[in-house]
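Asker: dropping the sequence and predicted coords here.
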2 protein chains.
Amino acid sequence: MHGLFPRKNNDMTELYDTINTLIDEKKIGELHRLFHDMPAADIAELLTEFDDDKLLLLFRVLPKEAAADVFVMMDTDQMEELIGAFSDRELTALIEDMYLDDAVDVIEEMPANVAERVLSRASAETRREINALLKYPHDSAGSLLTTEYVRFYPDTTVAGAFEVIRRTGIDKETVYTCYVTDRQRHLVGVISARTLMLADMDDVVGDIMEQNVISVSTLDDKEFVANQLQKYDFLALPVVDSEDRMIGIVTVDDAIDVIVDEYSEDIEIMAAITPTDKPYLKQSVFSIWKNRIPWLLLLMISATFTGMIISSFEEALAAQVALTAFIPMLMDTGGNSGSQASVTVIRGISLDEIEFSDLFRVMWKELRISFLCGISLAAATFIKIMLVDNLLMRSGVSMTVAAVVCLTLFFTVVCAKLIGCAMPLLAKKLGFDPAVMASPFITTIVDAVSLLLYFCFASAILGL
Amino acid sequence: MHGLFPRKNNDMTELYDTINTLIDEKKIGELHRLFHDMPAADIAELLTEFDDDKLLLLFRVLPKEAAADVFVMMDTDQMEELIGAFSDRELTALIEDMYLDDAVDVIEEMPANVAERVLSRASAETRREINALLKYPHDSAGSLLTTEYVRFYPDTTVAGAFEVIRRTGIDKETVYTCYVTDRQRHLVGVISARTLMLADMDDVVGDIMEQNVISVSTLDDKEFVANQLQKYDFLALPVVDSEDRMIGIVTVDDAIDVIVDEYSEDIEIMAAITPTDKPYLKQSVFSIWKNRIPWLLLLMISATFTGMIISSFEEALAAQVALTAFIPMLMDTGGNSGSQASVTVIRGISLDEIEFSDLFRVMWKELRISFLCGISLAAATFIKIMLVDNLLMRSGVSMTVAAVVCLTLFFTVVCAKLIGCAMPLLAKKLGFDPAVMASPFITTIVDAVSLLLYFCFASAILGL
């Protein structure tokens, strides 16, 4: 009883074949029935597999009430393709059937000329509302909001409230959280459908509503809005303007999307990739290259400084070639220690657990952690050099070289952790995304530090 | 109109001071009023700031209906502290007020003796239900589910359905998605509160319910469940057992928590840290060390292989010391190229965009991307050696050394991207978490590859 619907890829393939056969045999009625009870998300997933001519045919076969839902879940390319193929009348029907926030998302993703055509086909009122929503900055609560919510006045009765829901509810994105405003649209309360259902029909909304409303402002960061929805376990949050008038709501499904997007974005930035919304397999080789190469170049140039440090110690290295063999281990361990600290802090920042004012607390903590890590790693290395390198492999690494390596290792780990934990907080303070300060950048910085330490200790102890 | 409640940290500090004053002045009534309309999430956040004796006092002051909600949002340490201080009667009241899924979470987080005491205080029925839920594996849908949902039979009328909601709804985790089962509890339909509100009172549930129910099984992975809730924009998903009988529901707030947890976990694993649920600032230095040091040691040992490669080419390096200076750049660029590919694939896997059967498609794509990246980087390096190193800094790097470096760079990037994209898919296939194959491990592998390539080209071209 997992529904009739595809959960696994092989079911999808089967369904895909069935649909292809039905198209070839022109059995439109059966196609229509097939789609009739299928969830929009599944239809959208299926449609990605069809090319343009079949896509248009299939889209036209969809049950009218599903078409708008399916459309907003499709790939940008397919949306553009379909819009190009639609008649003006089809386009008007589609845009009027969409929720306003979805319509705004579609328009924002389309090239300017396509977006204009879509807008021009919307009714005057829809166009006005879409244009109002388009004004909000890309990262703001405003960019997520929909103006389709249920609103009562405080003097409405519960019976009256149900009447409002019954009359208008079908077009609202949610009817489960309703808002209470005065005649000037100032938000004065919130009431859940559950409270209404449990109340007497004669009760007055103003008496049973929750008066302490948690709201966000149109310009609040959308990540903050998603965090609030998560923190309070709400299904929707009201959004108010600078004069505290209610503008719309943000619903929990949008919050989940924001969280997932931010997650993908953070991970890409941490791996030194320019973030993108497009699925990997849908991106062209050239566009992936474009998202990766600037960072590789930047990091490569930074790494040449490390090379310069080595160059200036060329003579020392020539005199003591054994030193060179430890360079990769020192650089890698430094890089790994630093990224552990930086990623921990980046994660703490994005979960709102750490902020800039914690800088010294964090550094003090990392200092103690790095002492423990540094001592453990140096001890392990010393034992390994003595037992494995010298006893087993007879490489004849002298005690003083071993001392240089272990000392360097210890101080590299300490510096790496301190740099690693401080950089994301400093980046945040300076207005950059802390995620930039993950492994690749920390590694590049720590490489230089570890080599400098190495050669200093080598000069001092080995007298090179 | 952001509510009366703290949104920013300075508001929190102010509130904290007020509460401390009220405690000192023993103004319990005012404390009670202060908490009365405060959301549970905010109370829990505030309580983290108080130490044990004040914590118990404050918790006892909380409005009865908020106490259970606040409790489940607190830190594990504070929960344990409070449970230790509660009387048996307080404990019984608390456990009976909690939603079952929350009670299960609390019990799972407590040490065995504390968990036993909590269970022993629950009523026989609650204890039976909690024990049933405790059986499910940690990562399964069963571990998320609550048995508190609204259920109708197909022959119930809409009026009867509202009656059920009114009679039992107050104790249910959600009343917005209700389920329809036959007398043997087999799931036959789903109906939203919205549909009920828009229907006639005389309609029969069986006629207006949605028959194509999407459900999950108790043993499905919890990440899969969260993805389904996100994909279909549902507020809840029904969970069925192996005989298709309805067991409970998973609600959207749990799905968000799963998504956020998985995100943190992935990021920690990618940075070679054993994942933990605890906030950074709450963890002891020793426990952070314990989560980091095994990975650092493991990676350090792997890095010594790279050192061995260098050792075996010591003579070549001594003869051509200029070669050493390029080692960091080659290693870093290889590592960065590899992590870009691996992280892209890891992200694709966790978003369900890529699976093992795409292996060759992904490798073919990365091969082309790596050609573009490799050529760009090699060209940039060649120009840089000629213009900056030789013209500006007169380092006298010979044309053949430059050729060796650029060739190595190109092939390192190609190998790095291929290894980087293949390893997460192989890890997944072998049943490991693909996130393990992020930067640190890829870097270690690619380091060895890049040095081997370097010395091979150097031997062949420079005749060392």
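Answerer: Yep, it's here.
Asker: quick check: domain ranges of chain A?
Answerer: When chain A is parsed with automatic domain parsing, its domains come out as A:9-143, A:149-261, A:280-462.
Asker: columns mean pLDDT and distance to B:Ala85 on top of those domains, output as JSON lines?
Answerer: Any C-beta I mention is one placed from the backbone N, CA and C, and that applies to glycine too. Shown next, in JSON lines, are the domains of chain A (pLDDT from 0 to 100; distance: least, CB to CB, whole Å):
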{"stretch": "domain A:9-143", "mean pLDDT": "85", "distance to B:Ala85": "41"}
{"stretch": "domain A:149-261", "mean pLDDT": "90", "distance to B:Ala85": "26"}
{"stretch": "domain A:280-462", "mean pLDDT": "87", "distance to B:Ala85": "26"}
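Asker: as CSV, the ones you listed with mean neighbour count and distance to chain B would be great.
Answerer: Formatted as CSV, the domains of chain A follow (neighbours: other CB atoms under 10 Å in any protein chain shown; distance: least, CB to the nearest CB, whole Å):
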stretch, mean neighbour count, distance to chain B
domain A:9-143, 16, 5
domain A:149-261, 19, 4
domain A:280-462, 20, 4
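Asker: right, and those - which one's nearest B:Asp220?
Answerer: Closest to B:Asp220 of the domains of chain A is domain A:9-143 (CB to CB; 15.3 Å).
Asker: now do the contacts for A:Thr126.
Answerer: Neighbour list for A:Thr126: A:Ile95, A:Glu96, A:Leu100, A:Ala103 [criterion: CB atoms under 8 Å, 6 or more residues apart in numbering or on different chains].
Asker: now the phi/psi pair for A:Glu210, please.
Answerer: phi -90, psi 120 (degrees, to the nearest 10).
Asker: partners of the strand or helix carrying A:Val180 in the sheet?
Answerer: If you go by DSSP states H and E, A:Val180 is part of strand A:174-181. Here strand A:174-181 is paired, per DSSP bridges, with strand A:149-152 (parallel), strand A:187-192 (antiparallel).
Asker: please name the nearest non-neighbouring residue to the most centrally placed residue in chain A.
Answerer: Geometric centre of chain A, nearest residue: A:Glu262, 1.6 Å, by CA atoms, centre = their mean. Nearest residue to A:Glu262 in three dimensions, chain neighbours excluded: A:Glu223, at 5.7 Å (CB to CB, 6 or more residues apart in numbering or on different chains).
Asker: from the contact counts, what lies against the host helix or strand of that neighbour?
Answerer: Under the criterion DSSP H and E, the helix or strand holding A:Glu223 is helix A:222-232. Under the contact criterion of 3 or more CB pairs under 8 Å, 6 or more residues apart in numbering or on different chains; DSSP states H and E, helix A:222-232 touches strand A:216-217, strand A:236-240, helix A:252-270, helix B:252-270.
Asker: what lines up beside the shortest one in the sheet?
Answerer: In this case it means strand A:216-217. strand A:236-240 (parallel).
Asker: from A:Tyr263, how far off is the nearest residue to A:Pro39 once chain neighbours are set aside?
Answerer: Sequence neighbours aside, B:Tyr232 is the residue nearest to A:Pro39 in space, at 5.6 Å (criterion: CB to CB, 6+ apart). Relative to A:Tyr263, B:Tyr232 is positioned 19 Å away (CB to CB, to the nearest Å).
Asker: which other helices and strands contact the helix or strand A:Trp364 falls within?
Answerer: Using DSSP H and E, the element containing A:Trp364 is helix A:359-384. When contacts are defined as 3+ CB pairs under 8 Å, 6+ apart, helix A:359-384 sits against helix A:327-350, helix A:399-429, helix B:285-312.
Asker: circling back: need the domains of chain A in a markdown table (columns: distance to B:Leu187).
Answerer: As requested, the domains of chain A are exported to a markdown table (distance: least, CB to CB, whole Å):
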| stretch | distance to B:Leu187 |
| --- | --- |
| domain A:9-143 | 16 |
| domain A:149-261 | 22 |
| domain A:280-462 | 35 |
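Asker: tell me the angle the helix holding A:Glu223 makes with helix B:252-270.
Answerer: Here the directions of helix A:222-232 and helix B:252-270 differ by 120 degrees (axes from the mean of the first three to the mean of the last three CA atoms, to 10 degrees).
Asker: check the offset of helix A:222-232 from the chain's centre.
Answerer: The chain centroid and the centroid of helix A:222-232 are separated by 13 Å under CA atoms, centre = their mean, to the nearest Å.
Asker: need the helices and strands packed on helix A:359-384 in CSV with distance to B:Phe162, can you?
Answerer: Output for the helices and strands packed on helix A:359-384, formatted as CSV (distance: least, CB to CB, whole Å):
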stretch, distance to B:Phe162
helix A:327-350, 43
helix A:399-429, 51
helix B:285-312, 52
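Asker: select, out of those helices, the one closest to A:Glu210.
Answerer: helix A:327-350 (29.8 Å).
Asker: mind putting the strands paired with strand A:174-181 in CSV, distance to A:Arg166 included?
Answerer: Below are the strands paired with strand A:174-181 laid out as CSV (distance: least, CB to CB, whole Å):
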stretch, distance to A:Arg166
strand A:149-152, 11
strand A:187-192, 16
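Asker: who's in contact with stretch A:343-358?
Answerer: Outside of stretch A:343-358, the residues within contact range by CB under 8 Å, 6+ apart are A:223, A:227, A:262, A:266, A:270, A:362, A:420-421, A:424-425, A:428-429, A:434-435, A:437-439, B:9, B:260, B:264, B:267-268, B:270-271, B:273, B:279-281, B:288.
Asker: repeat that for stretch A:178-191.
Answerer: With CB under 8 Å, 6+ apart, stretch A:178-191 has contacts from A:149-154, A:156, A:161, A:165, A:177, A:192-193, A:196, A:205-206, A:208-211, A:213, A:215, A:238, A:240, A:244-246, A:249, B:1.
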